[in-house]
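Asks: Compute the structure for the input listed below.
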Amino acid sequence: MTQEIKLDYDQFKSLVSTLRSSANGIESSVKTNRTFEDTNINPLIKDLEHIIRTLELLKRYQTSLHKDIDVLEQVGEKIRERDLELAEQRNQYAANVYELQS
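Replies: Modelled structure (predicted):
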């Protein structure tokens, strides 16, 4: 029994594109370059520091996510190329078998 392993490349590209759009949507309107000169309330300053650190980590996460998406695209392309190679080999084999049977 033969099983077919196949990648629907168009659907794959569409899903990766959606993933990339979602990753691009990770944004914040809070700026991390603000100063603490407007307040001297220590708990508020600590909260602002935590928010800024969180936003910086979020930006690093977004960068990492984009790198992962790039790798995912490369893997999908390699699968597609290999699928085309295997299809060509199968077609050549079938043509040879047909030729021998004729």
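Asks: Could you use CA atoms for every contact and neighbour count after this?
Replies: Fine.
Asks: For stretch 9-24, report the contacting residues that lie outside it.
Replies: 62, 65-66, 69, 72-73, 76, 80 (CA atoms under 8 Å, 6 or more residues apart in numbering).
Asks: Those residues in helices, which ones?
Replies: 62, 65-66, 69, 72-73, 76, 80 (DSSP state H).
Asks: burial of residue 60, as a residue count?
Replies: Residues near residue 60, counting by other CA atoms under 10 Å, number 12.
Asks: How about the backbone phi and psi for it?
Replies: The phi/psi pair for residue 60 (degrees, to the nearest 10) reads phi -60, psi -40.
Asks: Also residue 25?
Replies: The phi/psi pair for residue 25 (degrees, to the nearest 10) is phi -80, psi -10.
Asks: before we move on, the earlier item: what's the PyMOL line that selects buried ones from the ones in helices among the contacts of stretch 9-24?
Replies: Burial among these is assessed by 16 or more other CA atoms under 10 Å; the matching PyMOL selection reads:
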select buried, resi 62+65+66+69+73+76+80
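Asks: for the ones in helices among the contacts of stretch 9-24, which one is nearest residue 87?
Replies: Top of the list for closeness to residue 87, among the ones in helices among the contacts of stretch 9-24 and by CA to CA, is residue 80 at 10.5 Å.
Asks: Could you pull up the residues touching that closest one?
Replies: 7, 9.
Asks: Give the buried residues for stretch 84-101.
Replies: Buried, per 16+ other CA under 10 Å, within stretch 84-101: nothing.
Asks: State the mean pLDDT of that stretch.
Replies: Taken as a whole, stretch 84-101 has an average pLDDT of 85.
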